[in-house]
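Trainee: Coordinates only, no sequence provided:
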Ligand SMILES: Cc1cc2nc3c(=O)[nH]c(=O)nc-3n(C[C@H](O)[C@H](O)[C@H](O)COP(=O)(O)OP(=O)(O)OC[C@H]3O[C@@H](n4cnc5c(N)ncnc54)[C@H](O)[C@@H]3O)c2cc1C
């Protein structure tokens, strides 16, 4: 069996790349996943999409992805409608220094055409009436941020759109990569044995480090556990924008079905968690910021993992000395919101068409050249 391109990983990244390759003319593509479409981290992703980033490259990619999500039904023709809920993200700041520091980030966002507004505590409360602003010195709000809370459906819709023009999807596990004189020639799989290809795309999420190591590439990716807590459903819409406090390590939002999801990311409660202490801390911080949480029950939780890089940025592009090898790895907790832009950028680079966004700052060689692009706004 052979294909011009084999993509390892049918998460949101692999499926977006497959779709964009096919859309730009490369249709002889096979996507291989050991668990199936969206069976990795994408399957538990709550689908937040924000453009309020601290680096230009992330602002540009997020803005392009928002435009894609706003028009996703006309682009992918999904089986049923995908709803991009444009409810905004609200960041709260609790010290003058942090708020002042953030002004430089807002400036980058404005330069990229992202409509971020800096707010007083009173203005923030007008957007989230349940917010306790006692410790809030200021806030940042972008009304075109939002979420799509069915990442599984979005990923399958990318895959379906790619399949309609000939891309093949296979359930199998890649166990080895064949390379001859510095050029990729194929992969070894559990069920199908050898499969030949000219181009190999590593989009294997948490499995990416292993795939790269098969040809001697050492990716600087570490796994970080992140826990999401889900409450009971709340009928009224009480938390429309997604609420984030970097200083308090807190993030929360109300999903379409009324459930509130929240996470505590403070340095005092890192994995492996004592579940009781973790929930207690999440409740303390959450109730302080959003007192209504006191009336809710924590019903369940999910532990997921980030594939984080040293600068919390994805690693995108080819690798010097490995002809035919491409990678889109190390999403560092924001792969879903960047997936449309990343898929398009990878496809454009592979097909050598002029790039819509220059993603070269995120090339693998930045680590060897000591040119990290540190993203400050991570949760
Ligand atoms: C708790 C939590 C909350 C998050 N919230 C958000 C959010 O709100 N917004 C956002 O943008 N991002 C969020 N993220 C991050 C986001 O979910 C990920 O960045 C994104 O889903 C990664 O997609 P991926 O395609 O790179 O990886 P994956 O979805 O993990 O896909 C990789 C695929 O590769 C396959 N694979 C691996 N190895 C092999 C192999 N050897 N052979 C065959 N197949 C293989 C796996 O089975 C898997 O399906 C969150 C993550 C977590 C953990």
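Mentor: In hand now; what should we look at? All values reported here derive from a predicted model rather than from experimental measurement.
Trainee: From now on I want contacts and neighbour counts done on CA atoms only, so please keep to that.
Mentor: OK.
Trainee: Give me the contact status of stretch 258-277 with the ligand.
Mentor: No - using Cα under 6 Å from any ligand atom, stretch 258-277 never reaches the ligand; the gap is at least 8.1 Å.
Trainee: residues from the stretch 1-150 of the chain in reach of the ligand?
Mentor: Residues of the stretch 1-150 of the chain found near the ligand (Cα under 6 Å from any ligand atom) are 8-14, 32-35, 38-42, 45-49.
Trainee: What segments of this structure are helices?
Mentor: Along the chain, the stretches classed as helices by DSSP state H are 12-23, 56-70, 72-76, 96-111, 121-127, 151-164, 208-213, 275-289, 335-350, 365-368.
Trainee: Go through the first one and flag the buried ones.
Mentor: Yep, that's helix 12-23 we're talking about. For helix 12-23, a neighbour-count test (16 or more other Cα atoms under 10 Å) marks 12, 13, 14, 15, 16, 17, 18, 19, 20, 21, 22 as buried.
Trainee: pLDDT and distance to residue 248 added to these, as a markdown table?
Mentor: Formatted as a markdown table, the buried residues of helix 12-23 follow (pLDDT from 0 to 100; distance: Cα to Cα, whole Å):
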| residue | pLDDT | distance to residue 248 |
| --- | --- | --- |
| 12 | 98 | 29 |
| 13 | 99 | 30 |
| 14 | 99 | 34 |
| 15 | 99 | 35 |
| 16 | 98 | 33 |
| 17 | 98 | 35 |
| 18 | 98 | 38 |
| 19 | 98 | 38 |
| 20 | 98 | 38 |
| 21 | 98 | 41 |
| 22 | 98 | 43 |
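Trainee: still on that earlier bit, check the helices of the chain for me and report the most buried one.
Mentor: Among the helices of the chain, helix 12-23 has the highest mean neighbour count (mean count of other Cα atoms under 10 Å), at a mean of 28.
Trainee: ok so, going back, I'd like to know which of the helices of the chain lies nearest to residue 228.
Mentor: helix 275-289 (10.1 Å; Cα to Cα).
Trainee: now what about stretch 150-159, what contacts it?
Mentor: The contact list for stretch 150-159 (Cα atoms under 8 Å, 6 or more residues apart in numbering) reads 11-12, 15-16, 18-19, 37-38, 42-47, 76-79, 82, 336.
Trainee: Over to stretch 211-227?
Mentor: With Cα under 8 Å, 6+ apart as the test, stretch 211-227 has contacts from 174-177, 179, 202, 204, 206, 209, 263-265, 271, 301-310, 330.
Trainee: Stretch 247-265 now?
Mentor: By Cα under 8 Å, 6+ apart, the residues outside stretch 247-265 that reach it are 93-94, 149, 226-245, 266-267, 278, 281-282, 285-286, 379.
Trainee: Pull out the buried residues from the residues you listed.
Mentor: Neighbour counting by 16+ other Cα under 10 Å classes 93-94, 149, 226-233, 238-245, 266, 278, 281-282, 285-286, 379 among those as buried.
Trainee: Sort out which of the contacts of stretch 211-227 are buried, if you could.
Mentor: Neighbour counting with 16+ other Cα under 10 Å marks 174, 176-177, 179, 202, 204, 206, 209, 263-265, 301, 304-310, 330 as buried within the contacts of stretch 211-227.
Trainee: Show me which positions of stretch 24-31 end up buried.
Mentor: Neighbour-count burial for stretch 24-31, counted by 16+ other Cα under 10 Å, picks out 26, 27, 28, 29, 30, 31.
Trainee: farthest pair in the residues you listed?
Mentor: Among these, 26 and 31 lie farthest apart (Cα to Cα), at 13.0 Å.
Trainee: hang on, residue 231 packs against residue 294?
Mentor: No - if you go by Cα atoms under 8 Å, residue 231 and residue 294 don't touch, sitting 10.8 Å apart.
Trainee: before we move on, the earlier item: which ChimeraX command selects the buried ones in the residues of the stretch 1-150 of the chain next to the ligand?
Mentor: Here is the ChimeraX command that selects the buried residues among those (16+ other Cα under 10 Å):
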select :8,9,10,11,12,13,14,32,33,34,38,39,40,41,42,45,46,47,48,49
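Trainee: Pull the contacting residues for residue 66.
Mentor: Counting by Cα under 8 Å, 6+ apart, residue 66 touches 49, 51, 144, 145, 337.
Trainee: Apply 10 Å and report the result again.
Mentor: Contacts were defined as Cα atoms under 10 Å, 6 or more residues apart in numbering; by that measure residue 66 touches 49-51, 72, 84, 86, 144-147, 337-338, 340-341.
Trainee: May I ask which two of these are separated the most?
Mentor: The most widely separated members of the contacts of residue 66, counting by Cα to Cα, are 86 and 341 (18.2 Å).
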